[in-house]
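Participant: sequence and predicted model, in that order:
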Amino acid sequence: MTTVDQNRAVRRARGIIPLTVTGEVPWCQPCNTADYLIFEEYVPARVGIGHGRRILGSASYSCSACGSFSAHSVPETWSPPRWFWYT
């Protein structure tokens, strides 16, 4: 089981994995919340072509409350709230 601990580390049954390895959960630092985030782009985690290793997903987002913008890798199990693939 994987859980996020205050958006600073991912906890698994065998210990804590630093976010530099797993990516960061989107969060507005100035507002100290994720409640006002607008996701501009999201690319889920995937397997790289040719070498078979996992590539972390990425997200870019802005905060509708303060106007800040950020983009970075995200944990493999994370996806934007209410996000789904179109079929």
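Facilitator: Thanks, I have the structure now.
Participant: all contacts plus neighbour counts: C-alpha atoms, from now on.
Facilitator: Fine.
Participant: quick check: pLDDT value at the residue most central in space within the chain.
Facilitator: Centroid-nearest residue in the chain, with Cα atoms, centre = their mean: V74, separated by 2.7 Å. Here, the pLDDT recorded for V74 equals 93.
Participant: partner residues bridging it?
Facilitator: Counting by DSSP bridges, V74 is bridged to G57.
Participant: test my guess that it contacts V25.
Facilitator: Yes: using Cα atoms under 8 Å, V74 is in contact with V25, at 5.6 Å.
Participant: look up how far S79 lies from the residue of the chain positioned farthest from its centre.
Facilitator: Relative to the centre of the chain, the most outlying C-alpha is that of G50, 24.7 Å out, by Cα atoms, centre = their mean. G50 sits 25 Å away from S79, going by Cα to Cα, to the nearest Å.
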